[in-house]
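Trainee: Just a sequence and a predicted model for now, questions to come.
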Amino acid sequence: MEYSVSEIDALVREEKRLTAVESHNEAWAEGLSAGIEPEIIAEAALETAFGEILRANGEIATLALLDRMREKVIAGAFEPEMLRH
């Protein structure tokens, strides 16, 4: 079976996403093991992520991502039964 360039790109992106989720989960577990509250871990992760996006892509892209994340929260995308890993 042959894949198109866009299909290969999508597969690579999904593999990277899964690897990132795994790395993040390990860091989260380490923080919890160190006695850090989940809210503090989450805030630090968000600050780091948005700082990197702002640095790499600018304010408009960062605010657009914030808007998309807000809509996902409203839609319930982050409810435990909706998360995909």
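Mentor: All right, it came through fine.
Trainee: The closest residue to Gly31 other than its chain neighbours sits in which helix or strand?
Mentor: Spatial nearest neighbour of Gly31, excluding adjacent residues (Cβ to Cβ, 6 or more residues apart in numbering): Ile41 at 4.4 Å. Quick note: C-beta positions are derived from backbone N, CA and C, even for glycine. In this structure, Ile41 sits in helix 38-75 according to DSSP states H and E.
Trainee: Against which helices or strands is that helix packed?
Mentor: helix 5-33 (3 or more Cβ pairs under 8 Å, 6 or more residues apart in numbering; DSSP states H and E).
Trainee: how near is the residue nearest to the spatial centre of the chain to Glu14?
Mentor: The centre of the chain sits closest to Val21, judged by Cα atoms, centre = their mean, with a distance of 7.2 Å. Going from Val21 to Glu14 by Cβ to Cβ, to the nearest Å gives 10 Å.
Trainee: swap in Ser33?
Mentor: Ser33 is 29 Å from Glu14, by Cβ to Cβ.
Trainee: Would you check how far apart the residue in the chain sticking out farthest from the centre and Ile8 are?
Mentor: Note on the chain: the largest C-alpha distance from the chain mean falls to Met1, namely 30.9 Å (Cα atoms, centre = their mean). Per Cβ to Cβ, Met1 is found 12 Å from Ile8.
Trainee: go on, Val21?
Mentor: When Val21 is compared with Ile8 (using Cβ to Cβ), they lie 20 Å apart.
Trainee: One more: Trp28?
Mentor: From Trp28 to Ile8 the distance is 30 Å (Cβ to Cβ).
Trainee: and what of Ala29?
Mentor: Taken as Cβ to Cβ, the span from Ala29 to Ile8 is 32 Å.
Trainee: same thing with Val73?
Mentor: Applying Cβ to Cβ, the value for Val73 to Ile8 is 32 Å.
Trainee: repeat for Ala56
Mentor: Separation of Ala56 from Ile8 (Cβ to Cβ): 23 Å.
Trainee: for Leu65, same thing?
Mentor: Applying Cβ to Cβ to Leu65 and Ile8 gives a distance of 25 Å.
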